[in-house]
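*Asks:* 3D, please:
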Amino acid sequence: MKLRLLACALALVSSLASAQTVHVFVLAGQSNMVGRDATPFGYDENPNILNFTDGRAGSALNQIEVAVDPIRHDKDGVTYGTNAGRPFAETLLPYLPEGDQILLVNRAWGGTDISEWRKGHGPKGYSPDSGYNLPVNPYQTTINDTKAALEAVTASGKDVSLDGILWLQGESDVDHLTCPTMYAAAVVDVLTNMRQDLGDPELKIVIGEFYQDYGGSAGQLILATLPKIAQKLGAGLASSTGAQVLSDGVHLTTASHQALGERMAQEYLKLK
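*Replies:* Numbering: from 1, shown residues only. Predicted coordinates:
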């Protein structure tokens, strides 16, 4: 059934690129886009699914490597784990021309509310010794590192295509919700600016839902804004229906990340 759905979705999109192209995807948001479940996926290493390193946990900064979880580290001294990135790539890759690759640029940060993602704004609530790998401005760091990824691919002699943004955020705003309409406007503003600063006002976006049982009535208010946000942006929206979380009550399990990543790929394939 899933394969038939993907085949139908594929008919809605044109060919993504010629062979030997590296397709770059930006992953942004907060801790569920980082990943906290250390249970591994069942995937083997795939040389056609790549990661742009974040300079943490002994890795180099801004280097292209084969994607092996954890692909993102945002805080010292915590357990990192899986996120939707590799399942998204594993699902999408068969629909790209043979020999093409996917490069994931994950620059999500745990605990960041939407105001910290606003262009020109900086982080709040983090002391210098908090242990978070939080830059002066998460938004600008994401833009800069994505551009560095594009340049690195070009320098390697391959064609490069910036193909989309995957966004998963909202739990921090649930915790101090004042106005769902203001939240929605801020998300649209962030992602619109991100498109423009990356040089493609029509860049495809897929938004993922956070855990549907998080945050009680406030969580439901923000979840209810996501379809409106997606419509405003012409973005895809991937449901988290059926997701399970760790004992902390907020962070998705590996199995849930796999389901969400696959759904994000399905929504991506539907975008024109």
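
*Asks:* What's the per-residue pLDDT of residue 61 here?
*Replies:* Among the per-residue scores, residue 61 shows a pLDDT of 86.

*Asks:* Please report the distance of it from residue 149.
*Replies:* For residue 61, the distance to residue 149 equals 12 Å [CB to CB, to the nearest Å]. Backbone N, C-alpha and C define where each C-beta goes, glycine included.

*Asks:* Those two: which is more packed in?
*Replies:* The neighbour comparison of residue 61 against residue 149 (other CB atoms under 10 Å) goes to residue 149, with 26 against 11.

*Asks:* Check what contacts whatever helix or strand the more buried one lives in and list those residues.
*Replies:* Per DSSP states H and E: residue 149 is located in helix 138-155. Where contact means CB atoms under 8 Å, 6 or more residues apart in numbering, the residues beyond helix 138-155 that reach it are 22, 24, 26, 28, 52, 62-64, 103, 105, 107, 109, 112, 116-121, 123, 135, 159-160, 162, 190, 193-194, 197-198.

*Asks:* same thing but 6 Å
*Replies:* Where contact means CB atoms under 6 Å, 6 or more residues apart in numbering, the residues beyond helix 138-155 that reach it are 22, 24, 26, 28, 52, 62, 64, 105, 107, 109, 112, 116-117, 119, 135, 160, 197.

*Asks:* Please apply the same query to stretch 109-121.
*Replies:* With CB under 6 Å, 6+ apart as the criterion, stretch 109-121 contacts 30-31, 34, 74-75, 123, 134, 138-139, 172-173, 186-187, 190, 193.

*Asks:* hmm, 7 Å instead?
*Replies:* Outside stretch 109-121, the residues within contact range by CB atoms under 7 Å, 6 or more residues apart in numbering are 30-31, 34, 74-75, 123-124, 132, 134, 137-139, 169, 172-173, 183, 186-187, 189-190, 193.

*Asks:* Report whether the expected contact of residue 195 with residue 201 is present.
*Replies:* Yes - when contacts are counted by CB atoms under 7 Å, residue 195 is listed as touching residue 201 (5.2 Å).

*Asks:* Between these two, tell me which one has more neighbours.
*Replies:* Neighbours were counted for residue 195 and for residue 201 using other CB under 10 Å; residue 195 has more, 17 against 8.

*Asks:* tell me which element that one falls in.
*Replies:* Using DSSP H and E, residue 195 falls in helix 180-197.

*Asks:* circling back to that earlier point, put the buried members of the contacts of stretch 109-121 into a ChimeraX selection.
*Replies:* Selection of buried members from the contacts of stretch 109-121 for ChimeraX, criterion 16 or more other CB atoms under 10 Å:
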select :30,31,34,74,75,123,132,134,137,138,139,169,172,173,183,186,187,190,193
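
*Asks:* Now do the same contact list for residue 52.
*Replies:* Going by CB under 7 Å, 6+ apart, the list of residues near residue 52 reads 62, 64, 103-105, 145, 149.

*Asks:* Look up phi and psi at it.
*Replies:* Main-chain dihedrals, residue 52, degrees, to the nearest 10: phi -100, psi 110.

*Asks:* where does residue 64 land in three-state SS?
*Replies:* Following DSSP: H, G, I helix; E, B strand; the rest coil, the label given to residue 64 is strand.

*Asks:* Please name the bridge partners of it.
*Replies:* residue 52 (DSSP bridges).

*Asks:* The closest residue to residue 204 other than its chain neighbours and residue 47: what is the separation?
*Replies:* Using CB to CB, 6 or more residues apart in numbering and skipping the chain neighbours, the partner closest in space to residue 204 is residue 164 (4.2 Å). Computed as CB to CB, the residue 164 to residue 47 distance reads 21 Å.

*Asks:* same thing with residue 212?
*Replies:* Using CB to CB, one gets 36 Å for the distance from residue 212 to residue 47.

*Asks:* if you count what's nearby, which of those two comes out ahead?
*Replies:* Taking neighbours as other CB under 10 Å, residue 212 and residue 47 compare with residue 212 leading, 14 against 8.
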